[in-house]
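Asks: quick one, structure for this:
(chains A and B)
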Amino acid sequence: MSDIIIKELGKGINLHIIPDKKFKTVYISYCFHRDLDEDYTYNALIPAVLKRGCKGYEDQKKIGAFLEEQYGALFDVGVQKRGERQILRFTMDLVNEAYTAKDGLLAQSFYFLNRIINKPLLENSAFREDYVSQEKENLKNKIQALINDKIQYSIERCIQEMCKDEKYSRFVLGSVEDLESLDSERLYKVYQDMIVSSPLDIFVVGDVDVEKVSFLIKNSLDLDRAQTKVIPETIIKRVGVKQREVVESMDVAQAKLNIGFRTNTSVRENEYFPLVVYASILGGGPHSKLFINVRERSSLAYYAFARLEKYKGLMLIGSGIDQKHYQKALDIIMEQVKDMEKANISDQEFTAAINAITTSLKGAKDEPEQLVSYYLGNAVTGANFTLDDFIEKIQQVKLEDVVEVSKRVKVDTVYLLSPKEGNSLNG
Amino acid sequence: MDKSMENKFLREKIIYNKLKVGLDVYILPKPGYSRQFAIYATRYGSNDSQFVPLGKNEAITVPDGIAHFLEHKLFEEEEGNVFEEYARLGAQPNAFTNFNMTAYHFTSTGNFYECLDVLMGFVGRPYFTDENVEKEKGIIAQEIKMYEDNPYWRVYFNLLKGLYHEYPVRKDIAGTVESIYKINKEILYECYRTFYHPSNMVLFIAGDVDADRVIKQAEDLFARQPVEEAGGEIERIFPDEPKGVAQARIEEKLAVSRPMFALGFKDEDITGGGNRLLEKIIANEIILDMLVGPSSDIYNSLYEEGLIDSSFGTDYTGERNYGHAIMSGQSSDPEKVASILYDEIDKRKSQPWDQDYFLRIKKKKTGQYIRLFNSLESTSIQFVSMLFRDINLFDYYQTIESMTYDYIVKEFKQLYNRSNSCLSLVLPKA
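Replies: Next up is the predicted model:
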């Protein structure tokens, strides 16, 4: 793999190319950065409406046929939350034309993406009304479908309770209330604002020629840009918090215990690196304290993990348990957290964590999507560590640093999704 | 016995070798990749619930969920467990059990040869005690309950229950909380001895590795850790599956936001394994795309009417002894979706699609196949799962190329019958 090449393409537009001969596809992603402000539902709806059609490819049937013709190129859009910002993504994943009997696949993909983003179908200075109303309904269903995945649901609810008074509590896909009172004119204005002023990062991963890709993008992308907006930094609480408990009941077979912590550490601080190691020792896989003590030693759960919400300085612990073992599970989990602070960490645990993180970071080099995700993170935080730099930083972490950073980690919210009375099955 | 297979179209090759103990080893060299991936798999899954144990004459029926239970327990060692070993080496281990296979794998970015020794070592070294078997029941009970709460999982498994009368694919892979409590170390050893002989297994490795060294190391391991004489073909007993579906409609109520559905068609044209099965699988994937794929008329009219959304998807499963096609998604009115799909099927039987459409979908399938080889994990798992059906994944491209329009029309008319279908629904609890 070659190193990443970053070029400025114009006002607030950065092109990131990762040329790599081993890939059989070219992965392209256009990422617009938006503040997670009161327009967050509008932000979430925009990619869904744009995906429906544009000038030249007016409906999904035409888009579908085009993609099939391009050897089944994958086209998708989406919205992600990275700290207190939303990333609106437009992605193509196409077979490298070297493997096909057809030239120009790459050029057509850039052309197509530009049209999707930049040439929407309009009616009376707003998006086509039927597309908006259908996608409003689809988005509403998607927001409500969070409840179908109880693991995700309980994590999201824990975060919402924990960050109640912060904009981070906003759900990545928006709110049903906003959709119900959605103003189509405003939707179009938010879109125009995105085109004109949102920072844009374009990623291209695959066996490509840097000059050719730069040329093709410049040639296809005709955004009418003004001054780029500065997106406010994510606020990381640095005050002591009082532990809260939230219990919600639902008709489920298994209880979900989630615990939210404030790490009081920004991804921009040097302490972030020991924090990554900390979370891995505590709950980053089969080598971790939570896996060994909650699952293997006590047979209380099938899964028990700790993970960082790195952009917001949070850590989440999650586990699926039998309701009657709630207190026992909570005690064992909190004991592991205390052990971290008391430096009850063996050399094996420490080394295992460093090795596990290294493997997963090195492994990211084999997955175009993971590469983009990592480097998009840099674009969000302003960091410029390559994957190799990051690995080096992790390997320099010492056990003392982990113990030191553990003192910053404070429990905030204990959230339990509890089966309704009488619904608990006996195990 | 050294054999290489080359695929010029993909620019890939695979090195094959059969070890003295009868283990098939395949290596896919992937220069430039940081990861190495190894998967060690046995032809043994949840469907193998009735069989003649090695060295016995009588068939036995084992508790449901035992293949999966065994998968969990193999990680246990007399001293410590395998996770610690892998953790020291920095590898990411995992395992899975499905209807027809159990597989153990790891991803590494260094210490590959040591990791490989760990993998082949622990899979060859069962250590079951009354105590460690009991301990696992609590963990697996929680795994089962996790799936009970997963509506995406439920709608699928309920569909299989509706499609099949007798065939064990109708049962959950992990069994039930009741059935796993019947498992003890003696039955586990019996299953292990029968199904974990290296001659019933495959080792597949993808990554930038030295093939000769892998082969030598694997031979050395079996010299150190000898295995019993192979018992020959394992006698597996599968019930006769009556024609037609067990239930035309099956529903469950769960805490979901709106209805989920899976409409399945049971395939009664059983081909066994090999190239005939590969043709069938590819044909049916093409059929599903043409029938309800993203550029089909029916997908778009259902979408525009708000009856389906982007959660809609399709799948064809083709195994030696069974097969089915599935269309699934979420809808506020799944019965209406099913009825429109039935009508579309009837219509297409008399007015099939354009030839151009067929050629376009073939292109799409070709692209999907090329894309697969980007991922070490997906390629390896797919290769092994095809091998277990006597299919060589390298034959896939040629089979797409030679697929005829007449064959897919014939296959479409054969499989898609209302009388062979089941609609599975998960509905919101009031």
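
Asks: the helix or strand hosting residue A:113 near chain B anywhere?
Replies: Assigned by DSSP states H and E, residue A:113 belongs to helix A:105-118. No: counting by CB under 8 Å from any CB of the partner chain, chain B is not contacted by helix A:105-118; separation bottoms out at 9.6 Å. The way it works is simple: take the backbone N, C-alpha and C, and place the C-beta from them, glycine included.

Asks: could you pull up the mean pLDDT of that helix?
Replies: Computed over helix A:105-118, the mean pLDDT rounds to 97.

Asks: need the phi and psi values for the residue of the stretch 201-350 of chain B found nearest chain A.
Replies: Here the stretch 201-350 of chain B gets closest to chain A at one residue, residue B:295, 3.1 Å apart by CB to the nearest CB. Torsion angles at residue B:295 (phi, psi; degrees, to the nearest 10) stand at phi -110, psi 10.

Asks: that one and residue A:64 touch, don't they?
Replies: Yes: applying CB atoms under 8 Å as the test, residue B:295 and residue A:64 come out as touching, 3.1 Å apart.

Asks: tell me the spacing between residue A:64 and residue B:328.
Replies: Here residue A:64 is placed at a distance of 19 Å from residue B:328 (CB to CB, to the nearest Å).

Asks: no no, residue A:329
Replies: According to CB to CB, residue A:329 stands 34 Å off from residue B:328.

Asks: is there proximity between stretch A:345-355 and chain B?
Replies: Yes: counting by CB under 8 Å from any CB, chain B is contacted by stretch A:345-355 at A:348, A:351-352, A:355.

Asks: how about the residues of the stretch 201-350 of chain A by chain B?
Replies: Counting by CB under 8 Å from any CB, the stretch 201-350 of chain A sits next to chain B at A:250-254, A:285-287, A:291, A:295-296, A:299-303, A:320-322, A:348.

Asks: what's the nearest residue to the closest residue to chain B within the stretch 101-250 of chain A if we skip its chain neighbours?
Replies: Per CB to the nearest CB, residue A:144 is where the stretch 101-250 of chain A lies closest to chain B, at 3.9 Å. Closest residue in space to residue A:144, ignoring its immediate chain neighbours: residue B:257 at 3.9 Å, by CB to CB, 6 or more residues apart in numbering or on different chains.

Asks: and residue A:266, how far from chain B?
Replies: 28 Å (CB to the nearest CB, to the nearest Å).

Asks: ok, that residue - contacts?
Replies: A:236, A:272, A:313 (CB atoms under 8 Å, 6 or more residues apart in numbering or on different chains).

Asks: quick check, central residue of chain B?
Replies: For chain B, the residue nearest the mean C-alpha position is residue B:98 (5.5 Å; CA atoms, centre = their mean).

Asks: rounded mean pLDDT for stretch B:225-232, please.
Replies: Stretch B:225-232 comes out at a mean pLDDT of 84.

Asks: which parts of that stretch are buried?
Replies: Residues residue B:231 are the ones in stretch B:225-232 that count as buried (16 or more other CB atoms under 10 Å in any protein chain shown).

Asks: how far off centre is it?
Replies: Distance of stretch B:225-232 from its chain centroid, counting by CA atoms, centre = their mean, to the nearest Å, is 26 Å.

Asks: all strands of chain B, in order?
Replies: With DSSP state E, the ranges of strands along chain B come out as B:2-7, B:12-18, B:24-29, B:36-42, B:50-51, B:60-61, B:92-97, B:102-108, B:201-207, B:249-254, B:260-266, B:313-318, B:323-330, B:421-428.
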